[in-house]
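Asks: here's a sequence, model it:
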Amino acid sequence: RRPRGRRASGRREAQRSAAAAARFGRAPHAAMEASVVELRKKFGRDTSYLRETHTNELEYFGSDYAAGEAYIEENPCTIELDTTCEMSLSSVSTLVSKSETLNITHKEGGWPKDIDATEKADVGRFRKKVEKTEDFKQTVKGLAPIIERAAMQNNTIDIYEEYFDGTWIDHSSEPPSAKGLAVFRDPSETRRTATSIDWQPDSNRLAVTYSVMAFQDPRFLGDTAALPMQSYIWDITNPNTPEMELLPSSPLCCLRYNPKVPEQLVGGSYNGLISFFDLRKSGSKPCETSVIENSHHDPVYDAYWVSSKTGNLCASVSTDGQMLWWDTRRLREPLDRIELNTGKHLHLPDTTLGGSSMEYLQESGPSKYLVGTEQGVVMSVNVRNKKANNGITVYDTMAGRHHGPIYSIKRNPVHSKFFMTVGDWTAKIWVEDLKTPILTTKYHPAYLTSGCWSPTRPGVFYVTREDGVLDVWDLFYRQSDLAYSHKVSDAALSSISVHSSGKLVSVGDQNGTVSLLQVCDSLAVQQSNEKLAISGMFERETKREKNLEVRSKELARKQQQIKQQMVQQKAQESDEQAAADMSKLLQKLDEDFLSIVQTQDAALGGEGAGQAGAGQAPSHQEHKE
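Replies: Residues are numbered from 1 along each chain as shown. From the prediction side, this is the model:
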């Protein structure tokens, strides 16, 4: 390679010589070029050494102003000189590096085998026991100087200090929006419905179940073996290929991660079986599967992990009218079962309802469950109060019920005593203390298929529609209308789940496609006073509904009193009328009797006058007798 300046100066000398030769009528020189050859190791160093290079004058041409009068000066005169190529191409062959994603399980160590580190009560008892020993006191005294020195070093400078921590940014002025990030398509050639979606705790993986929910689908009437069984676990960073395949004995309708052990899942199948997966041991095959004789008789529409010391208990619900509790270590038979019966209900007595959805949240009570039925009625189950109708409480079965199955029932993540139901064309918000809903959305233009709350904002919830649209409600901003609508798919949406961060929303449809959306900060970041405002609004609506309920009871009681008074008045009037009728009848009888007596007296008087000569007439007293 040649330095640009050197080559450019050589070209200028060549042009000067050519111009001078043209002026004096001489032929130009054939070629004049100056080149400098340097080693590659000298590239990139300081160019000051070029100033020290001595130039050699090859030829000099003086200026001839008289000859220049025969030419016309060109203005402007532009000459571009460059010694480098405008385009360059280089290829490098590198070694192919294959990467593989592996799971790392972190567990808290140092605890005895009989102590569950996730249970605060067990840990507290163990700590109190250890703190009373003499070895613990001596160990703490020996470690105190070391810890004190380390603490003093850390207090000198905090390398992890967050300088802008606690700075609150107001996103309320930002208009709500959402954008698509990825699309996860069902690898199966058979078109199936994405029936449920569940995010792995503290991870970017999601478990999606696929099933053909149409009863007696003509595609599989002749060959049930053609029915695809697979469900998949996806990583949002790789939407092209599923990370893992789950292969149960029947298509899964629901799937839940264990909140204590993220590698464990429990799922409910289309034929009523319960399957337990442990990704560390069995991989795609289930570790345990229930026996069909002791399982549900209809598809299992929802299942949840239940709070326990061992973390192995779960509950399931189905449209066969049963709610079952299981131990995943032994799925041969359920631990307990409850029939979803209304009992001695006023409007719906002794009726078994089929469960289509379920909700369990440990913060609201470890023994409390919410069940949405396919008849549109909400039921609450408390296993600690089985004496009263198996602990079942039936909510409004009249005006407050849904006109169709309840596809989703979810508690508010911040205010757990309030919960939401999604069914028919509306979403309704309830409170545990009342049997009627406190809030009801307007009727949507299409049938609703699913819904859930935002885990970060207590006033935001999402509902999916049958026309492929995702609707977002923001009660903190507006209660009477939608905050945002987003067209997700041309097919009907079937399921939805929101990541714990609140910004990622996964939506499934009937074609087996799961769309990953990212919502804006105004829908994901909680506002400064939102928690108190939403709580105040819910409490206000609850108080209003209680007042209306008290007022309706008073009106009903007054109406009952009025009816009783009317009945008593009618009875009194009827008694008076009967007495009047009786008196009239007696009066009439007296009159008839007197008239008969008078007639007989007249007849007897005539006969006495004719017999006056024959004997003495009887006295009046004798005649009366």
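Asks: CA atoms for contacts and neighbours, from now on please.
Replies: Noted.
Asks: tell me the pLDDT of Ala30.
Replies: Ala30 carries a pLDDT value of 43.
Asks: please disregard the earlier target; I meant Ala8.
Replies: 44.
Asks: doesn't Lys553 fall inside a helix?
Replies: Yes. Counting by DSSP: H, G, I helix; E, B strand; the rest coil, Lys553 falls inside a helix.
Asks: which residues does the residue positioned nearest the centre of the chain form a beta bridge with?
Replies: Nearest to the mean C-alpha position of the chain, counting by CA atoms, centre = their mean, stands Cys452 at 3.1 Å. Beta-bridge pairing for Cys452 (DSSP bridges): Tyr462.
Asks: check contacts around it.
Replies: Contacts for Cys452 (CA atoms under 8 Å, 6 or more residues apart in numbering) come out as Ser408, Ile409, Lys410, Phe461, Tyr462, Val463, Ile496, Ser497, Val498.
Asks: and for Val183?
Replies: Pro239, Thr513, Val514, Ser515, Leu516.
Asks: show me the shaky parts of the stretch 351-500 of the chain.
Replies: Along the stretch 351-500 of the chain, no part satisfies pLDDT under 70.
Asks: need the mean per-residue confidence for stretch 195-207.
Replies: Averaged across stretch 195-207, pLDDT comes to 91.
Asks: what about that stretch, distance to the chain center?
Replies: With CA atoms, centre = their mean, to the nearest Å as the basis, stretch 195-207 stands 11 Å off its chain's centre.
Asks: so is Gln561 in a helix, a strand, or just coil?
Replies: helix.
Asks: re the thing from before, farthest pair in the contacts of Cys452?
Replies: Maximum pairwise distance in these, criterion CA to CA, is 14.7 Å, between Ile409 and Val498.
Asks: out of those two, which sits in the more crowded spot?
Replies: Ile409 (27 against 24; other CA atoms under 10 Å).
Asks: touching, that one and Gly372? I think so.
Replies: Yes. Contact criterion CA atoms under 8 Å: Ile409 and Gly372 qualify, at 6.3 Å.
Asks: list the contacts of stretch 560-573.
Replies: So stretch 560-573 is contacted by nothing (CA under 8 Å, 6+ apart).
Asks: which residues does Glu161 contact?
Replies: By CA under 8 Å, 6+ apart, Glu161 has no neighbours at all.
Asks: do you know the pLDDT at it?
Replies: Reported pLDDT for Glu161: 75.
Asks: any idea how far it is from Asp298?
Replies: 56 Å (CA to CA, to the nearest Å).
Asks: show me the helices in the stretch 401-550 of the chain, by range?
Replies: 521-524, 530-610 (DSSP state H, counting those that start in this stretch).
Asks: rewinding a little: out of the contacts of Cys452, which is nearest to Asp198?
Replies: Ser497 (6.3 Å).
Asks: give me the neighbour count for that closest one.
Replies: Ser497: 23 neighbours (other CA under 10 Å).
Asks: strands along the stretch 51-200 of the chain, start to end?
Replies: 178-184, 193-199 (DSSP state E, counting those that start in this stretch).
Asks: tell me the most buried of these?
Replies: When the strands of the stretch 51-200 of the chain are scored by mean count of other CA atoms under 10 Å, the highest mean neighbour count falls to strand 193-199 (a mean of 24).
Asks: quick one, the next helix-or-strand element following that one and strand 178-184 angle?
Replies: Once strand 193-199 ends, the next helix or strand along the chain (criterion: DSSP states H and E) is strand 205-211. Put simply, strand 205-211 runs at 70 degrees to strand 178-184, going by axes from the mean of the first three to the mean of the last three CA atoms, to 10 degrees.
Asks: run me through the strand neighbours of strand 205-211, direction for each.
Replies: strand 193-199 (antiparallel), strand 231-235 (antiparallel).
Asks: Ile79: which of the ones you listed is closest?
Replies: Going by CA to CA, the one of these nearest Ile79 is strand 231-235, 58.6 Å.
Asks: buried set for that closest one?
Replies: Ser231, Tyr232, Ile233, Trp234, Asp235 (16 or more other CA atoms under 10 Å).
Asks: can you name the residues in contact with that strand?
Replies: When contacts are defined by CA under 8 Å, 6+ apart, strand 231-235 is touched by residues 184, 204-210, 241-247, 251-252.
Asks: before we move on, the earlier item: now the common contact residues for Ile409 and Gly372.
Replies: Ser357, Met358, Thr421.
Asks: for the first one, give me its contacts.
Replies: Residues near Ser357 by CA under 8 Å, 6+ apart: Tyr301, Asp302, Val317, Val371, Gly372, Thr373, Ile406, Tyr407, Ser408, Ile409.
Asks: closest one of those to Phe276?
Replies: Of these, the one sitting nearest to Phe276 (CA to CA) turns out to be Asp302, at 14.0 Å.
Asks: keep only those of the shared contacts of Ile409 and Gly372 that are in strands.
Replies: Judged by DSSP state E, strands contain the following of those: Ser357, Met358, Thr421.
Asks: tell me the pLDDT at Phe24?
Replies: Phe24 is given a pLDDT of 44.
Asks: ignore what I typed, I meant Asn271.
Replies: 89.
Asks: quick check: phi and psi at it.
Replies: The phi/psi pair for Asn271 (degrees, to the nearest 10) reads phi -90, psi 10.
Asks: number of residues surrounding it?
Replies: Asn271, neighbours per other CA under 10 Å, totals 18.
Asks: re the thing from before, looking at the buried residues of strand 231-235, spot the one nearest Ser275.
Replies: The nearest one, if we look at the buried residues of strand 231-235 relative to Ser275 and count by CA to CA, is Ser231, at 12.4 Å.
Asks: tell me how far the closest one lies from Asn511.
Replies: For Ser231 relative to Asn511 (CA to CA), the value is 14 Å.
Asks: Lys553 too?
Replies: Distance from Lys553 to Asn511, by CA to CA: 49 Å.
Asks: neighbour count winner among those two?
Replies: Ranked by neighbour count (other CA under 10 Å), Lys553 and Asn511 place Asn511 first, with 20 against 12.
Asks: could you check how far the more buried one is from Phe184?
Replies: For Asn511 relative to Phe184 (CA to CA), the value is 11 Å.
Asks: same question for Lys344.
Replies: Lys344 is 48 Å from Phe184, by CA to CA.
Asks: also Lys113?
Replies: 41 Å.
Asks: roughly how far out does stretch 480-489 sit from the chain middle?
Replies: On CA atoms, centre = their mean, the centre of stretch 480-489 falls 15 Å from the chain's centre.
Asks: hmm, I typed the wrong one, I wanted stretch 410-425.
Replies: So, by CA atoms, centre = their mean, the centroid of stretch 410-425 is 10 Å from its chain's centroid.
Asks: number of nearby residues for Tyr65?
Replies: The burial count for Tyr65: 8, using other CA under 10 Å.
Asks: typo on my end, it should be Asp302
Replies: By other CA under 10 Å, neighbour count at Asp302 equals 24.
Asks: can you check the pLDDT for it?
Replies: Confidence score, pLDDT, at Asp302: 93.
Asks: thank you kindly, that will do.
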